[in-house]
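**Student:** Take a look and give me a structure for this.
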Amino acid sequence: MQRRVTQIESIRVLAMAGIFLYHLWTVLPEGGAQNPLGPILGDILSQGYLGVVVFNAITGFVLTLPHAAPGGKPALGFVDFFRRRFGRIVPQYYLSLALWSVVALFAAAMPLSALFACVAEKVFFVQTLDPARFFCLEPALWWMGLLAQFYLCFPLLLRLFQRCGTRRALFACLGFGWGLWLLLTLSAKASATAALFDYMLYFNLPYRLPEFALGMAFAMAWKARAAAGGEDIDPVTGVPASWRLAFAGLAYFALPLAILFKNALPMPLAHILLTAACVGVAGSLFAWPRLAVLGARPLVAAAAAASYSFYLLHQPILGYGADLLRGLVSPFAAMVLLCVVSLPLSGLLSVWQDRLVAALEARGKARG
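**Tutor:** As a prediction, the model looks like this:
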């Protein structure tokens, strides 16, 4: 089996593109309504936030794959795992946080005390525990709090999958996360406290646990099935033909249902349906050999490698750019111009940030 899962690189780039377009729409929603295509453009762009669901599943997949049987590595100790994982995400995170904090300070975007409190919460990854500051400074950074929570739980979750088996562990995570969500949503109708918790947990575990668990389960099942071999397994993707059909069928049914009924369903049921659609589409892409070939190309691989820094840096560029363009040109023209300028700018800034982190790490190793 290939050591580098190249189709994941392609899916990562597509998910990041969806998130970028979603944030483009959020800063200029009028451009999504007033354009040659009509409101349908805004409807499409507004679904880009589902890229986060895909990122969550990718995170679970990538972390689990090295430990999946057969031939998987033993689980790391808690301290070693936390040191490695947080060591990988903290440098870029803190650099981008420092950059946009300085910009916000000079732009007088918020009072100094509010800025200090906002940055302090984000430094310690607790921003999703304070509903008053979920989206301060840079709204996209809420996801870093969720990611930190998953890192803290991952060693325990991995042991759960290894001891109980993939299917039982997955159903336990789905039942716990989505079951609690359904229960609190019902309670929220009668209790303001439950309503607050219901709102907060959308950005936290355990509501979002199933998304990570689906990625973990797929890593376990995919590696075991590919190792077993068989004539029906695609040599490029390692995916059996029956899995390709299952993913395509899930996308075929879940995607139209999500489009038609998500606004009419309670939030947890709508999210479950949207997650099913994401699994169907992402699974179909994973099973598509062409995507594996594209993921091996240097340009796509480089874009995937820079996607983390891109996520951390792009949203304020869109926000400040929208403020400059608003009122100068039509909403749609502003959206197009902002996309054309901010996309390469965010990409270049992401590459520079990654290079800076690599240089600092190399210097630290040389001194050590």
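
**Student:** alpha carbons only for contacts and neighbour counts from here, please
**Tutor:** Noted.

**Student:** count of residues packed around the closest residue to Pro240 other than its chain neighbours?
**Tutor:** Leaving aside its chain neighbours, Pro240 sits nearest to Ile233 (4.1 Å; criterion: C-alpha to C-alpha, 6 or more residues apart in numbering). Ile233 has 18 neighbouring residues, counting by other C-alpha atoms under 10 Å.

**Student:** Surely Ile233 is in contact with Ala241?
**Tutor:** Yes - contact criterion C-alpha atoms under 8 Å: Ile233 and Ala241 qualify, at 6.3 Å.

**Student:** Show me what the helix or strand of the chain with the lowest mean pLDDT is packed up against.
**Tutor:** Here the helix or strand of the chain ranked lowest by mean pLDDT, DSSP states H and E is helix 192-201, holding a mean of 91. Applying 3 or more C-alpha pairs under 8 Å, 6 or more residues apart in numbering; DSSP states H and E, one finds that helix 192-201 contacts helix 166-188.

**Student:** Show me what the helix it packs on is in contact with.
**Tutor:** Under the contact criterion C-alpha atoms under 8 Å, 6 or more residues apart in numbering, helix 166-188 has outside partners 160-161, 194-198, 205-210, 213-214, 217, 220-221, 268-269, 272.

**Student:** what about 7 Å?
**Tutor:** Residues outside helix 166-188 that contact it (C-alpha atoms under 7 Å, 6 or more residues apart in numbering) are 160-161, 194-195, 198, 206-210, 213-214, 217, 220, 268.

**Student:** Compute the inter-axis angle for it and helix 192-201.
**Tutor:** Per axes from the mean of the first three to the mean of the last three C-alpha atoms, to 10 degrees, the angle that helix 166-188 makes with helix 192-201 is 140 degrees.

**Student:** Please spell out which residues along helix 166-188 are buried.
**Tutor:** 166, 169-170, 172-174, 177-182, 184-185, 188 (16 or more other C-alpha atoms under 10 Å).

**Student:** ok, back up a step: quick check: pLDDT value at the residue nearest to Pro240.
**Tutor:** Note for Ile233: predicted pLDDT of 92.

**Student:** show me the contacts for Leu356.
**Tutor:** Applying C-alpha under 7 Å, 6+ apart to Leu356 gives no contacts.

**Student:** and the helix of greatest length in the chain, average pLDDT?
**Tutor:** For the chain, the longest helix by residue count, based on DSSP state H, is helix 331-367. Averaging pLDDT along helix 331-367 gives 95.

**Student:** try stretch 276-293
**Tutor:** 97.

**Student:** same thing with stretch 133-151?
**Tutor:** On average, stretch 133-151 scores 95.

**Student:** Give me the residues contacting it.
**Tutor:** Contacts for stretch 133-151 (C-alpha under 7 Å, 6+ apart): Cys118, Phe125, Val126, Gln127, Thr128, Phe203, Asn204, Leu205, Leu312, Gln315, Pro316.

**Student:** of the residues you listed, closest to Ala366?
**Tutor:** Leu312 (27.8 Å; C-alpha to C-alpha).

**Student:** any idea how far Ala192 lies from Met200?
**Tutor:** The gap separating Ala192 from Met200 is 12 Å, by C-alpha to C-alpha, to the nearest Å.

**Student:** higher neighbour count, these two?
**Tutor:** A direct count of neighbours by other C-alpha under 10 Å for Ala192 and Met200 places Met200 higher, at 17 against 11.

**Student:** and Val79, how many neighbours?
**Tutor:** Other residues close to Val79 by other C-alpha under 10 Å number 8.

**Student:** Spell out which helix or strand contains it, please.
**Tutor:** Element membership of Val79, judged by DSSP states H and E, is helix 78-107.

**Student:** as a whole number, average confidence for whichever helix or strand comes after that helix?
**Tutor:** Once helix 78-107 ends, the next helix or strand along the chain (criterion: DSSP H and E) is helix 112-123. Mean pLDDT, taken over the full extent of helix 112-123, equals 96.
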